[in-house]
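A.B. asks: fold the stuff below for me.
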Amino acid sequence: MTLEQLRIFATVAEMLHFTRAAEVLHLSQPAVSAAIAALEAEHGLRLFDRIGRRVELTAAGQLLHGQARAILAKVEEAGTMLAELSGLSRGALRLAASQTVGNHWLPRHLLRFAEAYPGIRVDLSIGNTEQVAEAVRDGRAELGIAEGVVTDPLLVSEAIEGDRLLLVVGAGHPWAKLRRVDRDALAAGRWILREPGSGTRALFEAAIRAIGIDPGALDIAMTLPGGRIIRAALLAGVGASVLSDLILMEDLAAGRIVALEGLDLPSRPFHLVRHRDRYRSLAERAFVRSALEAGQGPAS
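C.D. replies: As a prediction, the model looks like this:
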């Protein structure tokens, strides 16, 4: 078993598609198929079930995928350590960020970092808080930045200044004429919410429980995977939501979206998430330092 075979296997396992994996790896599709076939033949196990034009991991494939990712992460970590012998002139930094962080907080910090360290390649994945924690735990990301709280014994979390959640509706919504929405109206309202597992959804549900409303009893018109698409639904007048002020600054100033009182939604920190036992590269330390110097200090 070679590292190249493991790299090919892991990419196919994540894409669940030989052709797309070949494109990502800059290899021909026959070369990818041959590498997987050789790996299966060598060990006498099927790693994928071929179902029409798609593939699925077998039980053996699922076990190998976790090990392959851990091995490849260690190899990249070793390469990073060697690259650091020549300073931060080259190397890579793998980040995972939750939706609001990745789309609205992170871009200016990435630009600042790229200007200071042009030789460092940054690879970014975006998901919800649970997915960020999983990426750091599995070694697919060196540093995670999430809105939600991460509780995992393998991970350490450091709070930094973040954003503020707001109860909001579009300007055409009946609540837009109100300053404050009472408990009965909140309980009867139609909602557009993030998916379970997101930090925004967790804080909304905590706030709604605090005023005696069961989140499971709410009329949830839409469950959407990101703040931008929820913003579009609000502008269309679909319902009410809770979103970060980072997403809505321009809409609030223009009056297209209206912020209301009625839920206790305090400022929330973001969280830097690292693996407890993995090596912290100079690139990761430099990125955190750059972000904190830009005005995102430890949360008070």
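
A.B. asks: show residues contacting the biggest helix by length in the chain.
C.D. replies: Longest helix of the chain, by residue count under DSSP state H: helix 59-83. Outside of helix 59-83, the residues within contact range by CB atoms under 8 Å, 6 or more residues apart in numbering are 3, 6-7, 9-10, 13, 45-48, 57, 90-92, 94, 138-140, 278-279, 281, 283. The C-beta positions use only the backbone N, C-alpha and C, and glycine is treated the same way.

A.B. asks: and the angle from the next helix or strand after it to helix 59-83?
C.D. replies: Under the assignment DSSP states H and E, the closest C-terminal helix or strand after helix 59-83 is strand 91-98. With axes from the mean of the first three to the mean of the last three CA atoms, to 10 degrees defining the directions, strand 91-98 sits at 130 degrees from helix 59-83.

A.B. asks: can you list the helices and strands that strand 91-98 packs against?
C.D. replies: Contact here means 3 or more CB pairs under 8 Å, 6 or more residues apart in numbering; DSSP states H and E; on that basis strand 91-98 packs against helix 59-83, strand 120-127, helix 129-138, strand 143-146, helix 282-293.

A.B. asks: now the lengthiest strand in the chain: buried residues?
C.D. replies: Using DSSP state E to assign secondary structure, the strand with the most residues in the chain is strand 155-170. Neighbour-count burial for strand 155-170, counted by 16 or more other CB atoms under 10 Å, picks out 155, 157, 160, 161, 162, 163, 165, 166, 167, 168, 169, 170.

A.B. asks: what comes into contact with the helix or strand following it?
C.D. replies: Counting by DSSP H and E, the next helix or strand C-terminal to strand 155-170 is helix 183-188. Helix 183-188 is contacted by residues 175, 208, 211, 212, 213, 217, 218, 219, 262, 263 when judged by CB under 8 Å, 6+ apart.

A.B. asks: determine the set of other helices and strands touching the helix or strand harbouring residue 234.
C.D. replies: Taking DSSP H and E as the criterion, residue 234 maps to helix 227-235. Counting contacts by 3+ CB pairs under 8 Å, 6+ apart, helix 227-235 packs against strand 155-170, strand 190-194, strand 219-224, strand 240-244, helix 245-254, strand 257-260.
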